[in-house]
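[1] This is a predicted model, with the sequence first.
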Amino acid sequence: RFVVVFREPVERDRSWEGHKARMNKRSLSDEAYANGTYQRIEDLHAGRRSDVSNGFYDQHLQFWWNEFRKDQLMVLNYDTMLENETDTLIRVVQHMGLDLSLIEDQLRLPKVNMAPKREKVTPLSALNPGLCSQLKSLFEPHVQSLYAMLNSPGMSPFQPPFPHFDDPCPSPSAPAVAAAPRV
């Protein structure tokens, strides 16, 4: 059995690029991120390998479903997992077929690989709204396909509802509002 965690793809991309920079002990300026991302999008459109496609979650999930039964995979929303640690961990333990009593006093996720607040990256919507919109448009068909896939029969009986990702590019005048959960 497997547990898969998906993060909103625009946010995941920005976070991953920052993480790679920190692993290589270098800083990643906002301008360098934007220029590199435009190049990675261009590579993708030109048919060259691009890690931008890491956010095409529907394609990854379809690959795994071709290899494993649907009910062997539990798919979690990253933000929901962090907001509902106890419920998430109970569902994961049940999905894995483990005895809940083994961890009942440890129903919190460990906090690892957390950059200090001063090292957190600027939200892309504030940094570069055009790039944010371009990434959002690139990911949107894949996100919609993912939602449809997660509504298909045969999922793990412990699969929690998968809420829609928050809008990664809210307008500056409008506060960020969480999208409606799937029904």
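    Sure, I can see it.
[2] Can you tell me which helix or strand of the chain has the lowest average pLDDT?
    helix 124-127 (a mean of 68; mean pLDDT, DSSP states H and E).
[3] If you count contacts, what does the lengthiest helix in the chain end up packed against?
    Secondary structure of the chain per DSSP state H: the longest helix is helix 129-150. Where contact means 3 or more C-beta pairs under 8 Å, 6 or more residues apart in numbering; DSSP states H and E, helix 129-150 is packed against helix 9-23, helix 30-45, helix 57-67, helix 124-127. No exception for glycine: its C-beta is placed from N, CA and C like everyone else's.
[4] helices or strands next to the longest one in the packing?
    Right, the one you point to is helix 30-45. helix 9-23, helix 124-127, helix 129-150.
[5] So, low pLDDT: which residues of this structure?
    Applying pLDDT under 70 to the chain picks out residues 108-125, 172-183.
[6] switch the cut-off to 90
    Scanning the chain with the threshold set as pLDDT under 90 gives 14-34, 82-90, 98-130, 156-161, 169-183.
[7] name the element residue 75 belongs to?
    strand 73-77 (DSSP states H and E).
[8] so how far is that strand from its chain's centroid?
    11 Å (C-alpha atoms, centre = their mean, to the nearest Å).
[9] Begin at 13 from now on, thanks
    New numbering, starting at 13: the last item is strand 85-89.
[10] Check which element follows that strand along the chain.
    Downstream of strand 85-89, the next assigned helix or strand under DSSP H and E is helix 90-95.
[11] re the thing from before, wait, which of the helices and strands packed on helix 42-57 is closest to residue 109?
    helix 141-162 (21.2 Å; C-beta to C-beta).
[12] can you pull the buried residues of that closest one?
    For helix 141-162, the neighbour count (16 or more other C-beta atoms under 10 Å) marks 143-144, 146-148, 150-151, 154-155, 157-159, 161-162 as buried.
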